[in-house]
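Enquirer: Give me a model of this one.
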Amino acid sequence: MVEWFLGVLYQVVAAIGRFLGWVVLDMAAHKICRSIESYFTNESKLEKNVKLLAEEQWFVELTNDFRYSHIIWHNNRVGRYLRDDSNIRLLRKHEEEQKKFIEMVKQEHKKFAGMPSKDSK
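Expert: Predicted coordinates:
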């Protein structure tokens, strides 16, 4: 009786081990495929992060204005900010960070357009 129980227990544990091995292998394969795909695509870090932020309504409203869209894509300061993944996480979670970012984009647009800022008066 004990031998039969140990045999069944062995079969169950072996089946669980095969299943878990399959799950881990599937997850690793998915991660490798995503890494290879991202390596061979021509999307820059900026494009990927802008695509992530495009899911946010406030960002869509900002980019719908062609003035600010131009700044987002062509301004070095804004580009450096958007290439940092930690900044993207903050922008997606915190409304205060979103307001700071919007203000930064507007200030960079004022510099680009040659408009005097409030501080220079």
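
Enquirer: So which bits of the longest helix along the chain are buried?
Expert: Scanning the chain for the longest helix, with DSSP state H as the assignment, gives helix 2-40. In terms of neighbour count (16 or more other CB atoms under 10 Å), helix 2-40 has no buried residues at all. Every C-beta, even on glycine, is put in place using the N, C-alpha and C of the backbone.

Enquirer: Run through the neighbouring helices and strands of that helix.
Expert: Packing partners of helix 2-40 (3 or more CB pairs under 8 Å, 6 or more residues apart in numbering; DSSP states H and E): none among the helices and strands.

Enquirer: Low-confidence ranges, the chain, go.
Expert: Scanning the chain for pLDDT under 70 picks out 37-43, 116-121.

Enquirer: Residue 110 sits in which helix or strand?
Expert: helix 95-113 (DSSP states H and E).

Enquirer: List the contacts of that helix.
Expert: 56, 58-59, 62, 67-68, 70-72, 75, 77-78, 81, 87, 90-91, 116-117 (CB atoms under 8 Å, 6 or more residues apart in numbering).

Enquirer: Noted, bye for now.
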